[in-house]
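Trainee: Build me a structure from this.
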Amino acid sequence: MADRALNVIVFPGGFNLPLWAGLKQGFYARRGLSLTLHFTASSMDQLAGLVRGDWDLALTGFDNVVAYQEGQGEATIDREPDLFAFMGGDDAFLRLVVQKDIAAYAELKGKTLSVDALTTGFAFVLRKMLALNGIAESDVRFERAGGVMQRWEALKSGAHAGTLLITPFELIAQKLGLRLLQSARDVFPRYQGLVGATRRSWAAANGDALTAFIRAHLESLAWLHDRANRPAAAAILVEKVPNMSPELAAAVCDELLRLPGGFDPRARIDVEGMKAVLALRSEYGRPQKALTDPMKYVDLSYYERALS
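Mentor: Take a look at the predicted model:
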């Protein structure tokens, strides 16, 4: 296959380690692919751009795919979306991090919590965590602050009392004295977080490129999960993530590559995890819909071709 350039839209953060490792080790290049990573400030920008065709592929929350397919996305789009998930990834590594003087959920009453967008699945996870711990939505204020990098900066500055962060931000936060109040995994042991997503129309016209991307991504995951490569993986984090120390990079690798709980070694879709996403969106999404079929938003034919 001739060299093919792909534009991939992602959120900034150490959870891009499989992409960085694949680029550094040449897995994508050997599959005839040239990847350009674009970093998004919010899920609204990411999904609106993906629907428009600004990007070829996205690593995004499975809930985002569902939201825009069901007309519940927060960004305004000017066409009918045809998004789908083509591979899985992880459970999103969601952690509720709060200011250091907050020791319990009850102390969040009257405080401001930041979210990416009010209608995204990660915001739904936060709302459910609050509800299960006795905090009504009227007890707190929600403020849109953008993607994880923007929410992290706002939390660090003291602008908000808490937010859901993604590894490695919760580890950095604890180093600075902020408090990890709870992991979403404690509430949702099965949750489909990040997935690979694209448009059905693009995939139909670029099936070979998509299959090659999946194959290279699986090679990258296999390389990362080989313990012999752990020091090299940590070095990539030090290179790519600002203010990442070797000590912290080692801890981040331990979290991202933990089995079970870290990156799925085969980038598999978790059907039960998708059902958890749909249950939350059925409860909180507007206009309200009863969503029960996770495979409506998935096409695994390219993944299966990549495995064959």
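Trainee: hey, where'd the helices end up in the stretch 1-150 of the chain?
Mentor: Here the stretch 1-150 of the chain has its helices, by DSSP state H, counting those that start in this stretch, at 17-25, 27-30, 43-52, 62-69, 121-132, 148-157.
Trainee: next one: the stretch 151-300 of the chain
Mentor: Going by DSSP H, counting those that start in this stretch, the stretch 151-300 of the chain shows helices at 169-175, 184-187, 200-205, 207-224, 230-240, 246-256, 271-284.
Trainee: Could you dump those helices into TSV and include mean neighbour count and distance to A117?
Mentor: Yep, even glycine has a C-beta here, placed from its N, CA and C like the rest. Conversion of those to TSV gives the following (neighbours: other CB atoms under 10 Å; distance: least, CB to CB, whole Å):
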stretch	mean neighbour count	distance to A117
helix 169-175	20	18
helix 184-187	16	17
helix 200-205	14	24
helix 207-224	21	27
helix 230-240	18	26
helix 246-256	18	25
helix 271-284	20	12
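Trainee: looking at those, which is closest to A21?
Mentor: helix 207-224 (4.9 Å; CB to CB).
Trainee: got the CA positions of that closest one in PDB?
Mentor: Taking C-alpha atoms only, helix 207-224 is exported to PDB below (Å, rounded to 0.1, in the frame of the first residue of the first chain):
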ATOM      1  CA  GLY A 207     -11.100   0.300   4.200                       C
ATOM      2  CA  ASP A 208      -7.500  -0.800   3.600                       C
ATOM      3  CA  ALA A 209      -6.100   2.300   5.400                       C
ATOM      4  CA  LEU A 210      -8.400   1.700   8.400                       C
ATOM      5  CA  THR A 211      -7.500  -2.000   8.600                       C
ATOM      6  CA  ALA A 212      -3.800  -1.000   8.400                       C
ATOM      7  CA  PHE A 213      -4.300   1.500  11.200                       C
ATOM      8  CA  ILE A 214      -5.900  -1.100  13.500                       C
ATOM      9  CA  ARG A 215      -3.100  -3.700  12.700                       C
ATOM     10  CA  ALA A 216      -0.400  -1.100  13.600                       C
ATOM     11  CA  HIS A 217      -2.300  -0.100  16.700                       C
ATOM     12  CA  LEU A 218      -2.500  -3.700  17.900                       C
ATOM     13  CA  GLU A 219       1.200  -4.000  17.300                       C
ATOM     14  CA  SER A 220       1.800  -1.000  19.400                       C
ATOM     15  CA  LEU A 221      -0.300  -2.400  22.300                       C
ATOM     16  CA  ALA A 222       1.600  -5.700  22.100                       C
ATOM     17  CA  TRP A 223       4.900  -3.800  22.300                       C
ATOM     18  CA  LEU A 224       3.600  -1.800  25.300                       C
END
